[in-house]
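A.B. asks: Output the structure for:
(chains A, B and C)
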Amino acid sequence: MTDVLALSQERTQLFHDLIDGRVPKRVPISAAFAHEFAIQYAGRDLTEAQWDTDALEPIFEKTCQDFYSDLLPVSAFRLPSFYKILGSRNFVMGSNGFIQHPEVEGLALEDYDAFIASPFDCIVERVLPKLYSNLDTDSTTKSMVMAKAFKAYTDEMANLGRIYGNLIQKSGYGYVNFYSGFCEAPFDIISDQLRGFKNISIDVRRVPDKVEAAAEAATPLMIKMGTPPNPSPYNATFIPLHMAPYLRGKDFERLYWPSFKKTVEGLKANGMRSFLFVENDWMRFIDYLAELPEGTIMCFEYGDPKLVKEKLGKKHIIGGFYPVSLLKTGTKQQCIDKAKELIDVLAPGGGYYFSFDKVIITLDSANVENTKAVLDYVAENTNY
Amino acid sequence: MNSKYYKTWEEYKGENPDITEKQEEAMAPKMQSYEEMLFNFIMFLCA
Amino acid sequence: MEDLKKMEGTIIDLVEQLDEEGVISLASQALDAGIQPLRLLELIDEGMNRVGQLYESKEYFIADLIMAGLIFKDVLKLEKMAAHFQRSYSKRIGKILIGTVKGDIHDIGKEIFRSMAEANGFEVIDIGVDVPKELFVSRVVENKPDILGLSGVLTNTIEAMREVVEAITRAGLRDSVRIIAGGNHLTEDACRFIGADSYANDASSGVKRCRDWIGSAGGKEVRADD
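C.D. replies: A predicted model of the protein is given here:
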């Protein structure tokens, strides 16, 4: 067996142990860098390099070589080609080449009833033309735009899939994929691109019945969206959680939680574990998280690691909490000390993997030396 | 899922009764995979 | 006069309860009954302060601040208010220039901050999103604000904010303006790194800090009490 193959098996075993509820040999590590970081780290221009996805492999490889991780640390979430073809209003390149999303309204207030009656029909007929200006046209032109965009999208996904496979093999990463599926909490899918942050905040006060019904209607869509063709117990469906921390408790309980819980349970019934990116601070909802199916993976941005370990550590798989901002502003020693502090709280007994509190999105989001030092420290000092 | 723009294989077969059993075995996975891919693409565009 | 007094109390309560329809209806009635626009603004401000307090005591959350901001804007759009508000332009307690730094196009936090700051008597100049440091400098020169607010949500904005502060310093303007950095991810360390005078993780504490600054500087022009 080659060294690389042995390394891959070892790393896969770390994560299998984690997922199966056994204490692994050491704390498993899942570093996460966005493709934008990788492009900048390789000294390339973000406004150019995102167009040639064929050529991304050596770019990603540089990040893989320099930053320790047990799983593939680089992935691309959104690429510009198909968004440009569609005339996207909701995914726009900023002046530095970074794709972000401005506030948009894909679903008008008067569209709620249509969405509740048939969400997918409403999305196709009313939402897409509002989000994508090149779909807001006659049906002939629309079908040609969709054809080009779909081709661009499948090309990008195929290129990325091939690149990921090559890098995993070359670098001996574990064969576990927390991004094997993707969906959102039903309340979030209605909020993010459809109503927008401002509108949904107002809808919660003005038309809560409609919000509730819309979240329910969207639930089967989210379960279907999040179920990949080949479900596996060692892979997961990625669900970034957005709106909850901005809502009152009562509104969360009525409008956010029930459909989200149903989604996670529905995914489990389809053979998929959920990987939640618990954005912002969910500590006031921690007892709700405890209700989710056992073995849910939760990466926390902010909150109380001790409380999370105490209330969720036995049932769920915990990651996150390590502040990327410290990698930017701290000394090397401060950064290493922080890692040690978190590991001391979260690692005992297993059920924990090391990850930062968010994806490192650009080269200037974190000091490179600090980042390397922290990942190396965890790789070398956390045997159980 | 009740929608004008998505069909399960059974629904598609219902509308295309000329498909034989032998053909179905050969064509169903491929044909339905395009339906699923387009569904996922559309959902990704609003997520 | 009795009726008007009763209405005043109810208006404040309705703002606190985020009853949009109730506020607009009663505010319109009050204006028709002869309430001074400046007095009405004071009532709305009081209601907004209560909303701010409920936010701080964690009974209200960001979604509620957005609703409050909307109610504030709705009242200002009422005919008699719109006309008067423009005339009393000079009676603001201070001037804040805000923008989201380069590389970031998020504007929600900035908008909530703007609503709250305006409700607290500030004049706010919003120069938009993805703003390069040179534009911050030229707009500060042009507008001479008391306070410069830098908004950003993405982690790379720490660097962008630092560059703005550096540019302001190089232009010889650092002593003429207080700088506050706004963003959920910011920390004491980040603030020091950026070189700002203060930082805020949310609009409410940001506005508070601005009020403290203006208060300690002996505010420029105090609004007349009715």
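A.B. asks: Now do the strands in chain A.
C.D. replies: A:33-34, A:74-75, A:92-93, A:99-100, A:181-182, A:236-241, A:273-281, A:297-302, A:317-320 (DSSP state E).
A.B. asks: Please identify the most buried of these.
C.D. replies: Stretch with highest mean neighbour count among the strands of chain A: strand A:317-320 (a mean of 26; mean count of other C-beta atoms under 10 Å in any protein chain shown). From N, CA and C alone the C-beta is placed, and that goes for glycine too.
A.B. asks: rewinding a little: could you point out which of the strands of chain A sits nearest chain B?
C.D. replies: The closest of those to chain B is strand A:181-182. By C-beta to the nearest C-beta, the value is 7.2 Å.
A.B. asks: Tell me which other helices or strands whatever helix or strand B:Ile42 lives in touches.
C.D. replies: Secondary structure assigned from DSSP states H and E places B:Ile42 in helix B:21-45. For helix B:21-45, the packing partners by 3 or more C-beta pairs under 8 Å, 6 or more residues apart in numbering or on different chains; DSSP states H and E come out as helix A:128-131, helix A:139-171, helix A:208-226, helix B:9-15.
A.B. asks: can you give me the mean pLDDT across the third one?
C.D. replies: Put plainly, it is helix A:208-226. Average pLDDT, helix A:208-226: 98.
A.B. asks: That helix near chain B anywhere?
C.D. replies: Yes - with C-beta under 8 Å from any C-beta of the partner chain as the measure, helix A:208-226 is seen reaching chain B through A:220-221, A:224-225.
A.B. asks: Below-threshold pLDDT in the chain: ranges please.
C.D. replies: Defaulting to chain A. Applying pLDDT under 70 to chain A flags residues A:1.
A.B. asks: not quite, I wanted chain C
C.D. replies: C:1-2, C:85-91, C:217-226.
A.B. asks: one more time with 80
C.D. replies: Scanning chain C for pLDDT under 80 picks out the ranges C:1-3, C:82-91, C:216-226.
A.B. asks: Could you list the domains of it?
C.D. replies: C:2-88, C:92-216 (automatic domain parsing).
A.B. asks: Out of the residues of helix A:208-226 next to chain B, which comes closest to chain C?
C.D. replies: Within the residues of helix A:208-226 next to chain B, proximity to chain C (C-beta to the nearest C-beta) peaks at A:Leu221, which comes in at 23.6 Å.
A.B. asks: Among the domains of chain C, which comes closest to chain B?
C.D. replies: Closest among the domains of chain C, using C-beta to the nearest C-beta: domain C:92-216, at 18.0 Å.
A.B. asks: what about that closest one, how long is it end to end?
C.D. replies: 16 Å (C-alpha to C-alpha, to the nearest Å).
A.B. asks: Ok, stretch A:233-249 next?
C.D. replies: For stretch A:233-249, the end-to-end distance is 33 Å (C-alpha to C-alpha).
A.B. asks: quick check, that stretch touching chain C?
C.D. replies: Yes - for a cut-off given as C-beta under 8 Å from any C-beta, stretch A:233-249 has contacts with chain C, namely A:243, A:245-248.
A.B. asks: cool, stretch A:86-106 as well?
C.D. replies: Yes - contact of stretch A:86-106 with chain C (C-beta under 8 Å from any C-beta) involves A:92, A:94-96, A:98, A:100, A:102-103.
A.B. asks: any chance of the residues of stretch A:233-249 next to chain C in JSON lines, plus neighbour count?
C.D. replies: Listed next are these as JSON lines, based on neighbours: other C-beta atoms under 10 Å in any protein chain shown:
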{"residue": "A:Met243", "neighbour count": "25"}
{"residue": "A:Pro245", "neighbour count": "22"}
{"residue": "A:Tyr246", "neighbour count": "21"}
{"residue": "A:Leu247", "neighbour count": "23"}
{"residue": "A:Arg248", "neighbour count": "19"}
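A.B. asks: now the strands of chain A as JSON lines including distance to chain B?
C.D. replies: Formatted as JSON lines, the strands of chain A follow (distance: least, C-beta to the nearest C-beta, whole Å):
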{"stretch": "strand A:33-34", "distance to chain B": "17"}
{"stretch": "strand A:74-75", "distance to chain B": "14"}
{"stretch": "strand A:92-93", "distance to chain B": "14"}
{"stretch": "strand A:99-100", "distance to chain B": "13"}
{"stretch": "strand A:181-182", "distance to chain B": "7"}
{"stretch": "strand A:236-241", "distance to chain B": "9"}
{"stretch": "strand A:273-281", "distance to chain B": "13"}
{"stretch": "strand A:297-302", "distance to chain B": "18"}
{"stretch": "strand A:317-320", "distance to chain B": "21"}
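A.B. asks: Distance to C:His106 added to these, as CSV?
C.D. replies: Shown next, in CSV, are those (distance: least, C-beta to C-beta, whole Å):
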stretch, distance to C:His106
strand A:33-34, 17
strand A:74-75, 22
strand A:92-93, 12
strand A:99-100, 7
strand A:181-182, 22
strand A:236-241, 16
strand A:273-281, 14
strand A:297-302, 16
strand A:317-320, 21
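A.B. asks: Who wins on neighbours among the residues of stretch A:86-106 next to chain C?
C.D. replies: A:Phe98 (22 neighbours; other C-beta atoms under 10 Å in any protein chain shown).
A.B. asks: Quick check: closest non-adjacent residue to that one.
C.D. replies: A:Glu36 (5.7 Å; C-beta to C-beta, 6 or more residues apart in numbering or on different chains).
A.B. asks: Could you list which residues are in contact with the single nearest residue of the stretch 1-150 of chain A relative to chain B?
C.D. replies: Relative to chain B, the nearest point of the stretch 1-150 of chain A is A:Phe120 (4.2 Å; C-beta to the nearest C-beta). The contact partners of A:Phe120, taken as C-beta atoms under 8 Å, 6 or more residues apart in numbering or on different chains, are A:221, B:1, B:3, B:5-6, B:39, B:42.
A.B. asks: Try it again at 6 Å.
C.D. replies: By C-beta atoms under 6 Å, 6 or more residues apart in numbering or on different chains, the residues touching A:Phe120 are B:Ser3.
A.B. asks: if we can go back for a sec, what mean pLDDT does the helix holding B:Ile42 have?
C.D. replies: 95.
A.B. asks: just to revisit the earlier point, neighbours around the residue nearest to A:Phe98, how many?
C.D. replies: Using other C-beta under 10 Å, A:Glu36 has 25 other residues around it.
A.B. asks: go on, the one 3 residues further on?
C.D. replies: Counted with other C-beta under 10 Å, the burial measure for A:Ile39 works out to 26 neighbours.
A.B. asks: Excluding residues flanking it in the chain, which one is nearest A:Ala6?
C.D. replies: A:Ala6 sits nearest to A:Gly172 (C-beta to C-beta, 6+ apart), 7.7 Å away.
A.B. asks: residues near the one you found, how many?
C.D. replies: Counted with other C-beta under 10 Å, A:Gly172 comes out at 18.
A.B. asks: now it: how far from A:Thr12?
C.D. replies: 10 Å (C-beta to C-beta, to the nearest Å).
A.B. asks: With only the CA atoms kept, save stretch C:114-133 in PDB.
C.D. replies: This file holds the C-alpha atoms of stretch C:114-133, laid out as PDB (Å, rounded to 0.1, in the frame of the first residue of the first chain):
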ATOM      1  CA  ARG C 114     -28.900  54.800  10.100                       C
ATOM      2  CA  SER C 115     -32.500  54.500  11.200                       C
ATOM      3  CA  MET C 116     -31.600  54.400  14.800                       C
ATOM      4  CA  ALA C 117     -29.000  57.200  14.500                       C
ATOM      5  CA  GLU C 118     -31.500  59.500  12.700                       C
ATOM      6  CA  ALA C 119     -34.200  58.700  15.300                       C
ATOM      7  CA  ASN C 120     -31.600  59.800  17.900                       C
ATOM      8  CA  GLY C 121     -31.100  63.100  16.300                       C
ATOM      9  CA  PHE C 122     -28.100  62.500  14.100                       C
ATOM     10  CA  GLU C 123     -27.800  63.600  10.500                       C
ATOM     11  CA  VAL C 124     -26.600  60.500   8.600                       C
ATOM     12  CA  ILE C 125     -24.800  60.600   5.200                       C
ATOM     13  CA  ASP C 126     -24.700  57.100   3.700                       C
ATOM     14  CA  ILE C 127     -22.100  56.700   0.900                       C
ATOM     15  CA  GLY C 128     -23.100  53.200   0.000                       C
ATOM     16  CA  VAL C 129     -21.400  49.800  -0.200                       C
ATOM     17  CA  ASP C 130     -18.100  48.500  -1.600                       C
ATOM     18  CA  VAL C 131     -16.600  51.900  -1.000                       C
ATOM     19  CA  PRO C 132     -12.900  52.400  -1.700                       C
ATOM     20  CA  LYS C 133     -10.800  54.100   0.900                       C
END
